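**Q** have a look at this prediction, sequence included:
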Amino acid sequence: QVQLVESGGGLVQPGGSLRLSCEVSGRTLDYTGIGWFRQAPGKEREEVGCITTGDGSAYYATAVEDRFSISRDFSKNTAFLHMTNLNPEDTAVYYCAGITPGYVCWGYEYQYWGQGIQVTVSS
């Protein structure tokens, strides 16, 4: 059974940084592409970034491409979403998701989802 568990969310001030973690079990990261999504109140869920297996190509939404980045620690089977220069519009529940095989990610259907974690940007 594949499980994804997010951690690292919370309250951060505008301009601050936060790192979300996505620990994967039941599937290795070298076979699983990872996507990060978010859903703000009253809005549809949107994909903010993803990373493929193989060459690790990463893709980001325009709104975050200069501020967010995705990395992976294969020894821990964990992916990370590094978020910098956060603003209140980044407030949302963030989800990580897995896709196998993972040589494509952006815009594709993900088979596995985490439970989501709240990120609140506020002074």
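**A** Structure's in. What do you need?
**Q** now residue 59: which helix or strand?
**A** Using DSSP states H and E, residue 59 falls within strand 58-60.
**Q** what do you get for residue 11?
**A** According to DSSP H and E, residue 11 maps onto strand 10-12.
**Q** pairing partners for that strand, with directions?
**A** Partner strands and pairing direction for strand 10-12 (DSSP bridges) are strand 117-121 (parallel).
**Q** what about the strand it pairs with, average pLDDT?
**A** When pLDDT is averaged along strand 117-121, the result is 98.
**Q** in it, what's buried?
**A** 117, 119, 121 (16 or more other CB atoms under 10 Å). (Glycine included, C-beta is placed from N, CA and C.)
**Q** sorry, back to before: contacts for the strand holding residue 59, please.
**A** 48-52, 68-70, 105-106 (CB atoms under 8 Å, 6 or more residues apart in numbering).
**Q** apply 6 Å and report the result again.
**A** 49-51, 70, 106 (CB atoms under 6 Å, 6 or more residues apart in numbering).
**Q** how near is residue 84 to residue 95?
**A** Here residue 84 is placed at a distance of 20 Å from residue 95 (CB to CB, to the nearest Å).
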